[in-house]
Structures are given as structure tokens and as C-alpha cells.
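Peer 1: Sequence and computational prediction follow.
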Amino acid sequence: MVPRITLLRCFIVDDSPGFRDAARNLLELEGITVVGVASTSAEALRGVVELRPDVTLVDVNLGGESGFTLAEQLHHDGRCASSPVILISTHDEQDLADLIDASPAVGFLSKSALSAGAIFDLLASRGGDDDGDPAVSVSGPPGR
């Protein structure tokens, strides 16, 4: 029997066009569908509501905006709450540990460690959310 592959739909929020393009290309090569990208909180909120991704990657530094604030907005907006947030950054996780722990994000990934496998691992380890709903059911990217 062939293992069931769960397609994962991802939305990327980052103010760097170069990073957005590189992340989209990498994740799509690894079997994740990137359904949209945004560079601002307002674009992200509209996109997540409209596209309803399975996971949203949010850069902690969105130019003049905070990715931590956006993570809170996404978490508290009932239309977006079903899309778990993973925070991403070039900063070291230890430098941001208190802010990451206080956020509703399911985890953090360094931009240099971003991969489909790392996303699947974070989602699989998250358990249920605050509403008692189960985590996104994932079986890992193709080839894992």
C-alpha cells in the first residue's frame, strides 16, 4: 500500500521579496504548496482569511511591523485561528526565546533551517490547540 501524503498549504509573510521567493521555491520543491505571500500585516490578514492555509510562516521583523503582533492578530481572529503560525527569523532563537514563548505560535524556525521537514515536525509535535481541536494531521513531506 502506498503511504498517504498529506498536502500542506502554506502562506508566507516576510518583507523581503528575495526571501519570499527563495522560501516558496524551496518549500514547493519539497512538496508544500505555497498558496500565497504577503509583506505586511494587513496583506497577511487578508490573505490568510481568503486562502485559509494549513500553516502560516511569519517573519518576526516585518520592517516597521512586528511579526509577534501579527501572530497574536491571526490567533485571535476567528477566521484565521485554524491556521497555526510558525515564526521565522534570521535572529537566533535564544535571543527571542521569551517573545516566542509568550506568542501563540506553534514554534520557531531559523530561516536557514527552513524546510518542509522542519515545518511538518513542528506541526506534528504541537498537539491540540486551545479549543481542543486536533493538530493538522500530517504524514510528512514526500520521501520522508
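Peer 2: That came through, no problem.

Peer 1: Tally up the residues packed near Ser125, please.
Peer 2: When neighbours are defined as other Cβ atoms under 10 Å, Ser125 has 10 of them. For every residue, glycine as well, the C-beta is placed using N, CA and C.

Peer 1: Sort out which residues of stretch 26-36 are buried, please.
Peer 2: With burial defined by 16 or more other Cβ atoms under 10 Å, the residues of stretch 26-36 counted as buried are 27, 30-32, 34-36.

Peer 1: scratch that, stretch 111-119 is what I was asking about
Peer 2: Across stretch 111-119, burial judged by 16+ other Cβ under 10 Å covers 111, 114-116, 118-119.

Peer 1: Relative to Val49, which of the residues you listed is nearest.
Peer 2: Using Cβ to Cβ, Ile119 comes nearest to Val49 of the buried residues of stretch 111-119, at 21.1 Å.

Peer 1: these two touch, right, the closest one and Ile86?
Peer 2: Yes. Using Cβ atoms under 8 Å, Ile119 makes contact with Ile86 at a distance of 6.5 Å.

Peer 1: joint contacts of those two?
Peer 2: Common neighbours of Ile119 and Ile86, counting by Cβ atoms under 8 Å, 6 or more residues apart in numbering, are 55, 57, 109.

Peer 1: Inside strands: which ones of those residues?
Peer 2: Counting by DSSP state E, the part of the shared contacts of Ile119 and Ile86 found in strands is 55, 57, 109.

Peer 1: now the last one: how far from Arg46?
Peer 2: For Leu109, the distance to Arg46 equals 24 Å [Cβ to Cβ, to the nearest Å].

Peer 1: which of these two has more neighbours?
Peer 2: Set Leu109 next to Arg46 and count neighbours by other Cβ under 10 Å: Leu109 wins out with 18 against 13.

Peer 1: ok, that one to Ser82 distance?
Peer 2: Separation of Leu109 from Ser82 (Cβ to Cβ) stands at 20 Å.
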